[in-house]
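Undergrad: Got a predicted model here, sequence first, then my questions.
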Amino acid sequence: HTALARTLIGGSFICVVGMTAPFVISQIRSPLPFMATPRAKVERALLYISSRHADAAVGRRREFVDLGSGDGTAVLSAASNGYRATGFELNSSLWMVSSLRRLLSQHRSNAQFVLDDMFAARAKKMLRTADIVMIFGVKPLMPKIAKLVQDECRSGSYLFSYRFPIPLSTQRRTSDVNSMKSGELASEIMDQASGIDAELIYDEEEMRIYQLGSGNEQRDAERRAI
């Protein structure tokens, strides 16, 4: 009995280590923590976008891309709202969890999860046609994410950012200077070189929505012509 008990305890320990190791290793390798975005907040943000496009023409499937999709909550929420939704996730364990959730979802045909880096070529390609891009980052990584968005996303698309704000370009922040405290302004100016040309249009319960400006329209037209 003692030997059997030791075997069971040892097996359980190995199982727990095997299941948690990918999460731990991923956190060591990546500056992005995993924290699930509340589905209700994603739903409200999507509802807000829908209200802005209530008179939009029916027919074109709108696209949603989540950079760092975690357990898949945001992607599955978008899929249930009719979007063609894709999530990119570098953590293999989270990718497996989200993929399993997709198989159990009645909206699985609208969703897919890709085991890859958000800065990979496939992700960049999908950003070019996305209507909404969702990110959950941390402050040190935001300038890099901002550059990715500015370089790849099309004009007029929306950027969802939970918890952490995206740095905006100088021209977009000019109108807000008088309303900011001096300390906040000094902190923001440090990031202005990497800011995006966008307008903050929604800020509720730590969920922010930005709409990208028209500065990339010529580039977008050239891409469509290719």
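TA: Arrived safely, thanks for sending.
Undergrad: Identify all residues paired with Tyr158 through a beta bridge.
TA: In this structure, Tyr158 bridges to Ile132, Gln211 when assessed by DSSP bridges.
Undergrad: Check which element follows whichever helix or strand Phe113 is part of along the chain.
TA: Using DSSP states H and E, Phe113 sits in strand 111-115. For strand 111-115, the following helix or strand on the C-terminal side (DSSP H and E) is helix 121-127.
Undergrad: what comes up buried for that following helix?
TA: If you call a residue buried by 16 or more other Cβ atoms under 10 Å, then helix 121-127 has these buried ones: Ala123, Met126, Leu127. All C-beta atoms are positioned from the backbone trio N, CA, C, and that covers glycine.
Undergrad: and if you look at stretch 39-58?
TA: Lys41, Val42, Ala45, Leu46, Ile49.
Undergrad: now the first one, what's its secondary structure?
TA: Okay, so that is Lys41. The three-state assignment at Lys41 reads helix, by DSSP: H, G, I helix; E, B strand; the rest coil.
Undergrad: Just give the number of residues close to the residue nearest to it when sequence neighbours are not counted.
TA: Nearest non-adjacent residue to Lys41, counting by Cβ to Cβ, 6 or more residues apart in numbering: Met207, 4.7 Å away. Using other Cβ atoms under 10 Å, Met207 has 20 neighbouring residues.
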